[in-house]
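1. A predicted structure for the sequence below; I have some questions about it.
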Amino acid sequence: MKKKELAALFMAGVMSLGLLAGCSSDGGEASQPPASQAGTQSSQPNGGDGDTQGNTETVTIKVGGIGPITGDLAQYGLATQWGAQIAVDEINALGGPIKLEYDFQDDTGVTDTAVSAYNTLKDWDVDVIYGCTTTAPCVAVASETFADRYFQLTPSASSPDVTADKDNAFQMCFTDPGQGMAAAEYLKNSSLGTKLAVIYNNGDAYSSGIADAFITKAAELGLEVVSTQTFPDDKTTDYTVQLNACKDAGADVVFLPIYYTPASLILAQAKQMGYAPTFFGGDGMDGMLDMEGFDKSLAEGLLLMTPFNASGTDERTVDFVTKYQADHGILPNQFAADGYDCMYAIYEACCQIDGIAGMDHAQLCDALIAMFTGGQFQVDGLTGTGMKWLETGEISKAPVVVKVESGVYVTQ
Amino acid sequence: MSFLNNAITGISLGSIYAIIALGYTMVYGIAKMLNFAHGDVIMVGAYVCFLAMGNAGLPSVVGVLLAVAVCTVLGIVIERLAYKPLRAAPSLAVLITAIGVSYLLQNSAQILWGAATKTFRPIVEGSLVLVPGQLSISYVAILSVVCCIVVMVALSVFTGQTKMGKAMRACSEDKAAAQLMGIDVDATISMTFAIGSALAAIAGVLMCSAYPVLSPTTGSLPGIRAFTAAVFGGIGSVPGALLGGILLGVIETFAKAYISTDLSDAVVFAVLIIVLLVRPAGLLGKYVPEKV
């Protein structure tokens, strides 16, 4: 361990001496294939380290991703890793003025591992941080990047804590309270039912963030919430107690601001109990239909808010889904789509920055912040068109409610 | 009516804990080690059954038998490669090795089968309706309870009556003395792991039939719960594992229903602490004073 640390220190030292500038120019050399697996961190001298060339040179931006690619949350982290990889490959194939070099480090969904992963990326001489996938690690890393002046864009960490008081942190996903309020408004304007119940994971910032905002907004709008049920973590397997409580309270709409794994159990157990309210979910529900072996009839009539529809027919979505399926054998979910959009947002912003070739990571950070909050910059992606960012780092795009009909999403 | 529903849930959950706890207890009783990889063998069993039924389209009975076969072999292999070389090592070394094996199994499963959660198709579907719309018992729950009782009776007969079972009990009392009496201790311990892992496969299939999601970390939490059940009932005791498992399942479900869904684990462990204060060896465990 000691030896490794010394070596890392030495490497960091050498690099900070030799490569003070963040965005090193590639000088037309073939760039290294992006290292997408954790643990393949080499120093990557990046061809020439002089930044005096003119603007006609290709500039390589090093994007360092962080997310859980092993452990309980691996399915979400891998989706963000793989989705972004497709965008990186496309961008590099475009042959534009900016190339992206991409590395992804594993944080296993744990806060301190995420900070170590961030340090590894710093040693790699990263320019922009892409991540983290989950909220708690993202909050920790964002406070580091804020102090160190790295621009950070997260595909999926949706708590307002991620961007609070940090000018450098931006989100591609909806915020949790935003989603909760949108859900309450949707239910107010629809005629789905009058007695609402909520089942959420109060050990999880995402789930409780949506649920709290939903309950507050529902009270404001005069909606009747007859039962509020919680469970402590996503490893919970038995929800009959919570469902019985909702049933006894006579709820006809059950709001589930939770991830799809627990949600799939709730749907199965509700069916077994003979309880059939309208289930309404957040974007964490996306992915359920693609679970191997999942009985799609369980999800019939389920409503959910999701920015991405894998069965969409526009050319870009079809292309993305085809590539993702060819590489990984599964359908992409919104995590993958958000990851893809993140890379294009970074790329398109970088293309519009003047004099990017000479910038170090702190200058690039300020330039990107100015670009994202300037009001002019907007991105079209898989998860929305004309996506813009607010000063707070929140994204502004419209939530879309879809209904599951015969195993596919139908936009409402 | 919801009381009865909760009781049914508790008992069926408890009998799955009990089958897992039986595996823990057997291995602890004979090899005197805590096999923390036991929970992950459950996961492997469930995956084998899932693949056999889903991808190969085999009937569920064949799926279960295949899972039992694979887990039995896996249990023996783990014991040979990881634990046998440490037979003379301090117990802490074996404990850490067991945790290592647990991670190895989880991460290998992720590489082999991916991280995405899969939905398990129950081996038996449907439920027995007692009061339409109010009270029903799923066939999986009935099967779990029946399996649990059959397994416990079979194990009691096996350890009490057969030659191999007697050899196991002898090893559990005193390994050195057993060896002197001509018992092949290594073979006996291998046999214990084989039985324990076969039970893990059955528990895995039943658990995933009752709660049909499957991921590489599926086994870890039930593994820990079942270990608690084994300690609760008296680790090393076969009827103790059954009693501990069912009590744990029932307490957990009732605590969720009538106290708080957040505090259910705290309630379970508070009960465990009280039981251990009154009966340090668990409910049915034999208290053996340490001779100094």
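-> Arrived safely, thanks for sending.
2. which ones are touching residue B:184?
-> residue B:167 (CB atoms under 8 Å, 6 or more residues apart in numbering or on different chains). All C-beta spots, glycine's among them, are computed from the backbone N, C-alpha and C.
3. residue A:404 sits in which helix or strand?
-> strand A:401-405 (DSSP states H and E).
4. now for whichever residue of the stretch 101-250 of chain A sits closest to chain B, how many residues are close by?
-> Chain B sits closest to residue A:237 of the stretch 101-250 of chain A, with a gap of 3.6 Å, by CB to the nearest CB. Residue neighbour count, defined by other CB atoms under 10 Å in any protein chain shown, stands at 21 for residue A:237.
5. that older thread, okay, buried residues for the strand holding residue A:404 please.
-> A:401, A:402, A:403, A:404 (16 or more other CB atoms under 10 Å in any protein chain shown).
6. the first one is in contact with residue A:309, isn't it?
-> If I follow you right, that is residue A:401. No. In this structure, residue A:401 is not within contact of residue A:309 by CB atoms under 8 Å, at 11.2 Å.
7. what residues are shared contacts of these two?
-> With CB under 8 Å, 6+ apart, residue A:401 and residue A:309 have common neighbours residue A:411.
8. pretty sure residue A:77 contacts residue A:68?
-> Yes. Residue A:77 is within contact range of residue A:68, at 3.7 Å (criterion: CB under 8 Å).
9. can you map out the strands along the stretch 101-250 of chain B?
-> Taking DSSP state E, counting those that start in this stretch, the strands of the stretch 101-250 of chain B run over residues B:118-119, B:127-131, B:135-138, B:213-214.
10. which of those sits closest to residue B:178?
-> strand B:213-214 (39.5 Å; CB to CB).
11. what's the closest one packed up against?
-> helix A:260-273, helix B:38-54, strand B:118-119 (3 or more CB pairs under 8 Å, 6 or more residues apart in numbering or on different chains; DSSP states H and E).
12. can you report how many residues lie near residue 123?
-> Using chain A. Neighbours of residue A:123 using other CB under 10 Å come to 17.
13. wrong one, chain B
-> Residue B:123 has 19 nearby residues by other CB under 10 Å.
14. distance check, it against residue B:257.
-> Remark: distance between residue B:123 and residue B:257 (CB to CB, to the nearest Å) = 27 Å.
15. kindly report the same for residue B:208.
-> Counting by CB to CB, the gap from residue B:208 to residue B:257 is 24 Å.
16. quick one: which of the two has more around it?
-> Between residue B:208 and residue B:257, counting by other CB under 10 Å, residue B:208 is the more crowded of the two (29 against 22).
17. what sits against the nearest residue to that one once chain neighbours are set aside?
-> Excluding the flanking residues, the one nearest residue B:208 by CB to CB, 6 or more residues apart in numbering or on different chains is residue B:120, at 3.9 Å. With contact set as CB under 8 Å, 6+ apart, residue B:120 has these partners: A:293, B:46, B:49, B:50, B:208, B:209, B:212, B:213, B:214.
18. all helices for the chain, in order.
-> Assuming you mean chain A. With DSSP state H, the ranges of helices along chain A come out as A:2-18, A:74-94, A:111-123, A:135-148, A:176-189, A:205-220, A:240-248, A:260-273, A:315-328, A:334-351, A:361-373.
19. let's do chain B instead
-> B:2-31, B:38-54, B:60-78, B:91-113, B:139-161, B:163-173, B:175-180, B:185-210, B:220-233, B:238-258, B:264-278.
20. relative to helix B:91-113, how tilted is the third one?
-> Between the direction of helix B:60-78 and that of helix B:91-113, the angle (axes from the mean of the first three to the mean of the last three CA atoms, to 10 degrees) works out to 140 degrees.
21. and the residue nearest to residue A:259 when sequence neighbours are not counted, how far from residue A:271?
-> The spatially closest residue to residue A:259, leaving aside those adjacent along the chain, is residue A:284, at 4.2 Å (CB to CB, 6+ apart). Distance, residue A:284 to residue A:271, by CB to CB: 20 Å.
22. neighbour-wise, which of those two wins?
-> Per other CB under 10 Å, whichever of residue A:284 and residue A:271 has more neighbours is residue A:284, with 31 against 13.
23. pLDDT wise, what is the residue of the stretch 101-250 of chain A closest to chain B at?
-> As predicted, residue A:237 sits at a pLDDT of 86.
24. do the same with the one 5 residues further on
-> The per-residue pLDDT reported for residue A:242 equals 91.
25. any regions of the chain where pLDDT drops low?
-> Let's take chain A. Across chain A, the ranges flagged by pLDDT under 70 are A:1-56.
26. wait, chain B was what I had in mind.
-> Checking chain B against pLDDT under 70 turns up B:287-292.
27. what does it put close to chain A?
-> Applying CB under 8 Å from any CB of the partner chain, one finds that chain B approaches chain A through B:2, B:5-6, B:9, B:13, B:50, B:54, B:107, B:110, B:114-121, B:127, B:133, B:136, B:138, B:207, B:210-213, B:215-217, B:221, B:253, B:256-257, B:261-262, B:264-265.
28. mind doing that once more with 6 Å?
-> By CB under 6 Å from any CB of the partner chain, the residues of chain B that approach chain A are B:2, B:9, B:54, B:115-119, B:121, B:133, B:211, B:213, B:217, B:221, B:256-257, B:261-262.
29. widest-spaced pair of the buried residues of strand A:401-405?
-> A:401 and A:404 (11.4 Å).
30. flag every residue of the stretch 51-200 of chain A that's near chain B.
-> Within the stretch 51-200 of chain A, the positions near chain B by CB under 6 Å from any CB are A:72, A:74, A:75, A:78.
31. check contacts around the third one.
-> Looking back up the chat, that one is residue A:75. Counting by CB atoms under 6 Å, 6 or more residues apart in numbering or on different chains, residue A:75 touches B:115, B:116.
32. how close does it sit to residue A:121?
-> Note on residue A:75: its distance to residue A:121, by CB to CB, is 22 Å.
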